[in-house]
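Novice: sequence unavailable; structure follows:
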């Protein structure tokens with residue numbers, strides 16, 4: 001199942017806050033073959049983990065995304 005190959009965390013357990021906290025993802029490092037993201041606690045800004053995205057995963061995710069439909073504007077005549 002290709003849909004479960006890559007996960008993005010929305011909340012992780014924080015040792016400082018002593019509970020599961022929502023996290024924000026921060027781009028930490030860009031390399032030719034992968035990007036490394038850091039998960040930061042929204043309560044205390046502690047680093048709670050990292051996620052690596054390879055170039056192949058990124059290309060696959062972009063090609064799997066449906067094309068955007070152009071928005072029609074309605075003007076006054």
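Specialist: Noted; the coordinates are in hand. Everything numeric in this text was worked out from a predicted model, so none of it was measured. Numbers count the residues shown, from 1 in each chain.
Novice: only C-alpha atoms from now on, for both contacts and neighbour counts.
Specialist: OK.
Novice: what sits up against the strand ranked longest in the chain?
Specialist: Ranked by residue count, the top strand of the chain under DSSP state E comes out as strand 19-30. Contacts of strand 19-30 with the rest of the structure, by CA atoms under 8 Å, 6 or more residues apart in numbering, involve 9-14, 35-43.
Novice: list buried residues within these.
Specialist: If you count burial by 16 or more other CA atoms under 10 Å, the buried members of the contacts of strand 19-30 come out as 11, 12, 14, 35, 37, 38, 39, 40, 41.
Novice: which ones among those lie within helices?
Specialist: Among the buried ones among the contacts of strand 19-30, no member is found in helices (DSSP state H).
Novice: for the closest residue to residue 47 other than its chain neighbours, give me its contacts.
Specialist: Among residues not flanking residue 47 along the chain, residue 40 sits closest, at 4.7 Å (CA to CA, 6 or more residues apart in numbering). Contacts for residue 40 were tallied using CA under 8 Å, 6+ apart; they are 23, 24, 25, 26, 46, 47, 48, 49.
Novice: just send those back as TSV, with distance to residue 56 too.
Specialist: Formatted as TSV, the contacts of residue 40 follow (distance: CA to CA, whole Å):
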residue	distance to residue 56
23	25
24	23
25	20
26	20
46	29
47	26
48	25
49	22
